[in-house]
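Asks: Below: sequence and its predicted model.
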Amino acid sequence: MHFRNPEILYFLFALVVPILVHLFQLRRFKKEYFTNVQFLKAITIQTRKSSKIKKWLLLACRMLLLSCIIIAFAQPFFELRDNKNANNELYIILDNSFSMQAKGNKGELLKRAVQDLLQETPENVNFSLLTNTENYWNTDIKSIRSELQNLKYSATSFRLDNIISKLKVHKTPFKKDIVIITDGLGIDEKQLKNLDKEESPIFIIPKAVQKNNVSIDSVFIEKTLDQFYEINVQLSGYGQNFDSTPISLYNDKKLIAKTSVTLNTLKKSINFTIPKQAFHGYVSVVDKGLSYDNTLYFSISKVQKTNVISIGDNAKNNFLSRIYTAEEFNFNSYTLNELDFNKLEDQDAIVLNELDEFPQALSTTLKSFVNKGGNLIVIPSALGSISNLNSLVSNFGNIKFSSLEDKEKLITKINFNHPIYNSVFEKKIINFQFPKVKKSFALSSSYPAVLSYEDQTSFLTSTNNPIGKVAVFAAPISVENSNFQQSPLIVPTFYKMAKYNQKNGVNALVIGKNDTYFTEVSLNKDAILTLKNTDEQFIPLQQILNNKVKMTFGDYPKQAGNFTIFNKKEAIENISFNYERTESDLAIANESVRSNYKTVESIKSLFDKLQTERTDNQIWKWFVIFALLFLFTEMAIIRYVK
């Protein structure tokens with residue numbers, strides 16, 4: 001036991017006073033003899049004995065009363081058990097990612113955690129609260145009550161290592177108590193490596209009782225008919241023993257189709273047929289799992305023709321006119337001498353078809369064209385200068401032609417994962433009639449090959465720039481040098497290369513991926529595009545490129561939904577945003593990686609633990625209580641003991 005004011009204990013010497021008073025009052029009785037009255041004598045003896053007992057009791061009570069008062073003023077206490085961490089600062093990390101929408105025994109995990117924080121956190125405790133996106137430094141529960149009550153689920157996944165890095169940057173002379181409230185989804189050893197065990201990390205792991213979940217992963221156009229689109233909706237099921245799940249399709253919040261599906265496999269596809277026109281809506285399911293992945297918003301733009309120019313010999317351009325048909329393309333063919341350079345800025349794609357030379361003016365114009373979002377396709381000429389070719393393609397990245405090889409080669413490998421071919425083939429094809437070339441250049445590129453020869457060198461490569469794309473062939477593909485024009489690959493290859501960045505398919509962007517988006521509109525340099533819906537509006541980062549505007553969205557919007565792009569009050573185009581489907585599987589939470597760290601059951605038990613281990617056990621109040629008891633005892637003895 002310790003005392004905060006030990007000097008007051010010197011007053012214990014004052015206990016001598018009641019002892020002296022008691023001694024003066026204990027005078028010896030003088031015997032007086034009376035007549036032989038036995039009963040009176042007996043009463044006198046009994047009174048003398050009672051008086052002695054009463055005075056001894058009073059002495060004891062007064063000494064104990066005075067002792068308790070003196071000790072109470074000295075403020076005795078028992079020292080706290082966890083003395084070295086008594087001055088630690090408290091940091092609470094709260095996971096508000098979408099997986100915390102899961103249902104626990106007392107409702108949604110995040111809402112229950114927030115309620116516990118509001119109810120169980122002492123008002124006099126200072127702490128810092130960090131969520132996936134927000135930071136509240138050196139605050140208390142009263143100051144952030146409103147923020148906690150309005151805390152929304154975050155589209156940003158819970159990354160413990162990123163939040164711990166913020167804590168390390170936040171300098172303080174004190175040690176840290178780190179409390180992590182999370183369901184544990186996505187936490188692995190790599191994220192825990194920056195967590196210092198000496199800073200007493202404590203996990204609170206709320207657990208979901210319902211782990212079955214159905215997610216809508218993607219929507220795409222599977223078939224384009226004369227008057228209709230056949231769209232394919234991809235579903236994923238996480239868990240087992242699923243009930244029948246209703247699925248609905250809405251256009252502008254109007255229900256246009258509904259069915260139900262039973263997920264007897266992990267993946268399921270549902271097809272809907274819709275009119276071939278602009279679409280701005282969503283597809284949704286109803287299940288008992290997470291709600292964030294139950295809706296997928298998407299838009300389909302009105303079909304617009306793609307502008308394509310081919311520069312080269314008209315006879316060699318004939319095969320392109322059969323691919324770029326008038327139904328979908330505005331295709332024109334020019335020789336170099338006939339070309340009007342002013343027309344190039346209005347194109348979506350330009351094909352350089354076996355030009356023998358590339359004037360400097362053309363190279364400069366094409367560089368500007370690609371930088372502003374245009375697509376360029378380069379087919380070399382066997383008669384062209386290698387240095388002139390390299391002078392052109394060097395404008396677009398690390399691509400280089402070397403010597404012309406007069407050797408027949410087979411084109412045997414297709415990169416099915418490349419954007420040109422993804423969604424083109426239902427399955428990978430390995431036995432087809434390989435096209436071939438008679439002469440080809442040695443082509444080196446830092447970009448992945450789209451098509452490769454049997455010796456693994458590139459026949460077709462393409463840049464991965466986020467704006468304009470440049471596709472480069474390693475050989476002429478005229479009928480004199482190759483049978484590639486008769487190959488089944490010719491149509492999808494040139495079709496997709498011309499439609500890079502075109503919006504004739506499903507538009508369903510993912511929040512936070514910061515993809516580049518182009519909208520076709522001519523603006524003056526002071527104009528600004530704004531994205532709006534009924535709940536939110538924001539201005540994206542944008543750049544005007546001739547008849548297009550390039551936009552990047554960063555972490556906006558904050559909520560998934562259908563938006564419209566506005567130039568002031570004029571609606572330009574519809575666009576849709578969705579949350580990334582990274583937290584749909586509730587069964588992948590790895591509890592073993594947290595086994596080396598402390599865990600508590602709840603917020604209440606956390607503060608009880610800290611109160612018990614890091615608070616002095618003050619016992620002076622008990623001595624005040626004892627002093628009062630002895631005072632009442634003394635009064636009772638005086639009154640009732642004769």
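Replies: Structure received.
Asks: Give me the domain ranges for this structure.
Replies: Domain assignment for the chain by automatic domain parsing gives 2-77+619-640, 83-205+591-615, 306-498, 507-578.
Asks: could those domains go into JSON lines alongside mean pLDDT, distance to T262 and mean neighbour count?
Replies: Any C-beta I mention is one placed from the backbone N, CA and C, and that applies to glycine too. Output for the domains of the chain, formatted as JSON lines (pLDDT from 0 to 100; distance: least, C-beta to C-beta, whole Å; neighbours: other C-beta atoms under 10 Å):
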{"stretch": "domain 2-77+619-640", "mean pLDDT": "73", "distance to T262": "66", "mean neighbour count": "13"}
{"stretch": "domain 83-205+591-615", "mean pLDDT": "81", "distance to T262": "22", "mean neighbour count": "16"}
{"stretch": "domain 306-498", "mean pLDDT": "87", "distance to T262": "24", "mean neighbour count": "18"}
{"stretch": "domain 507-578", "mean pLDDT": "89", "distance to T262": "24", "mean neighbour count": "16"}
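Asks: Out of those, which is closest to G281?
Replies: domain 507-578 (6.9 Å; C-beta to C-beta).
Asks: measure that closest one end to end?
Replies: Counting by C-alpha to C-alpha, to the nearest Å, you get 10 Å between the two ends of domain 507-578.
Asks: In a strand, Q191, correct?
Replies: No - counting by DSSP: H, G, I helix; E, B strand; the rest coil, Q191 is located in no strand; its state is helix.
Asks: Next one: it from L545, what distance?
Replies: Noted for Q191: a distance of 40 Å to L545, by C-beta to C-beta, to the nearest Å.
Asks: which residues touch stretch 452-464?
Replies: 396-397, 399, 409-413, 415, 418-420, 434, 437, 440, 442-445, 447-451, 469-475, 493, 497 (C-beta atoms under 8 Å, 6 or more residues apart in numbering).
Asks: got it, and stretch 329-343?
Replies: Against stretch 329-343 from outside (C-beta under 8 Å, 6+ apart): 305-314, 317, 320-321, 324-325, 355, 359, 361-362, 365, 498.
Asks: Quick one: mark the members of those that sit in helices.
Replies: The helices, defined by DSSP state H, take in 320-321, 361-362, 365, 498 from the contacts of stretch 329-343.
Asks: can the residues you listed go into CSV with extra columns for distance to G237?
Replies: As requested, those are exported to CSV (distance: C-beta to C-beta, whole Å):
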residue, distance to G237
L320, 45
S321, 47
A361, 58
L362, 54
T365, 52
A498, 38
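Asks: Name the nearest of these relative to S157.
Replies: A498 (36.2 Å).
Asks: Is the residue nearest to that closest one when sequence neighbours are not counted bridged to anything, and to what?
Replies: Leaving out its chain neighbours, the residue that sits closest to A498 by C-beta to C-beta, 6 or more residues apart in numbering is A349, at 4.0 Å. Note on A349: beta-bridge partners V308, N375, judged by DSSP bridges.
Asks: K496 is in contact with A349, correct?
Replies: No - counting by C-beta atoms under 8 Å, A349 sits too far from K496 to count as a contact (10.5 Å).
Asks: now the helices: where do they sit in the stretch 1-150 of the chain?
Replies: Counting by DSSP state H, counting those that start in this stretch, the stretch 1-150 of the chain has helices at residues 16-25, 38-73, 109-120, 145-149.
Asks: about what we covered before: to D243, which of the domains of the chain lies closest?
Replies: When the domains of the chain are compared for distance to D243 using C-beta to C-beta, the nearest one is domain 83-205+591-615, at 15.4 Å.
Asks: How about the contacts made by T131?
Replies: 93-96, 151, 154.
Asks: excluding its backbone neighbours, what's nearest I216?
Replies: Take I216 and drop its neighbours on the chain: the residue closest to it by C-beta to C-beta, 6+ apart is L296, 4.2 Å away.
Asks: tell me the contacts of the one you found?
Replies: Going by C-beta under 8 Å, 6+ apart, L296 touches 216-219, 233, 282-284, 508, 578.
Asks: try 6 Å
Replies: Taking C-beta atoms under 6 Å, 6 or more residues apart in numbering, we find L296 in contact with 216, 219, 283, 578.
Asks: mind checking how far K175 is from L167?
Replies: 12 Å.
Asks: Likewise for L185?
Replies: From L185 across to L167, the span is 21 Å (C-beta to C-beta).
Asks: go on, S602?
Replies: 23 Å.
Asks: Now K106: closest residue in space, sequence neighbours ignored.
Replies: Using C-beta to C-beta, 6+ apart and skipping residues adjacent in sequence, the residue nearest K106 is R112, 4.9 Å away.
Asks: ok, that neighbour to I603 distance?
Replies: 10 Å.
Asks: and the nearest residue to F566 once chain neighbours are set aside, what helix or strand is that in?
Replies: Using C-beta to C-beta, 6+ apart and skipping the chain neighbours, the partner closest in space to F566 is T530 (5.0 Å). In this structure, T530 sits in strand 529-532 according to DSSP states H and E.
Asks: From the contact counts, what lies against that strand?
Replies: Applying 3 or more C-beta pairs under 6 Å, 6 or more residues apart in numbering; DSSP states H and E, we find strand 529-532 packed against strand 561-567.
Asks: so what strands line up beside the strand it packs on?
Replies: The pairing partners recorded for strand 561-567 under DSSP bridges are strand 529-532 (antiparallel), strand 570-578 (antiparallel).
Asks: For the first one, which outside residues touch it?
Replies: Right, strand 529-532. 538-539, 542, 549, 563-567.
Asks: Do a quick rundown of the strands in the stretch 451-600 of the chain.
Replies: Taking DSSP state E, counting those that start in this stretch as the criterion, the stretch 451-600 of the chain carries its strands at 458-462, 470-473, 506-507, 509-510, 517-520, 529-532, 537-538, 541-545, 548-552, 561-567, 570-578, 598-600.
Asks: any idea of the angle the longest one forms with strand 548-552?
Replies: Per axes from the mean of the first three to the mean of the last three C-alpha atoms, to 10 degrees, the angle that strand 570-578 makes with strand 548-552 is 30 degrees.
Asks: if we look at strand 570-578, which residues are touching it?
Replies: Here strand 570-578 has contacts from 280, 296-299, 507-511, 519, 521, 557, 560, 562-565, using C-beta under 6 Å, 6+ apart.
Asks: Tabulate the contacts of strand 529-532 (CSV), appending distance to E634.
Replies: Shown next, in CSV, are those (distance: C-beta to C-beta, whole Å):
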residue, distance to E634
F538, 78
I539, 81
Q542, 88
V549, 92
F563, 83
T564, 87
I565, 88
F566, 87
N567, 92
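Asks: Among the residues you listed, which one lies nearest to Q101?
Replies: For the contacts of strand 529-532, the nearest to Q101 is F563 (23.1 Å; C-beta to C-beta).
Asks: The closest one: what's it in contact with?
Replies: 531, 533, 575.
Asks: Enumerate the beta-bridge partners assigned to the first one.
Replies: The bridge-partner assignment for L531, based on DSSP bridges, gives F538, I565.
Asks: Grab the nearest non-local neighbour of V624.
Replies: Once flanking residues are discounted, V624 sits nearest to A72: 4.9 Å by C-beta to C-beta, 6+ apart.
Asks: Quick check: the one you found vs L66, distance?
Replies: A72 sits 11 Å away from L66, going by C-beta to C-beta.
Asks: what's the closest of the ones in helices among the contacts of stretch 329-343 to V17?
Replies: Nearest member of these to V17, counting by C-beta to C-beta, is A498, at 109.1 Å.
Asks: what about the closest one, distance to N524?
Replies: Distance from A498 to N524, by C-beta to C-beta: 29 Å.
Asks: again, but for L451
Replies: Taking C-beta to C-beta, one finds L451 at 43 Å from N524.
Asks: now do F272
Replies: For F272, the distance to N524 (C-beta to C-beta) stands at 41 Å.
Asks: Sounds good, over and out.
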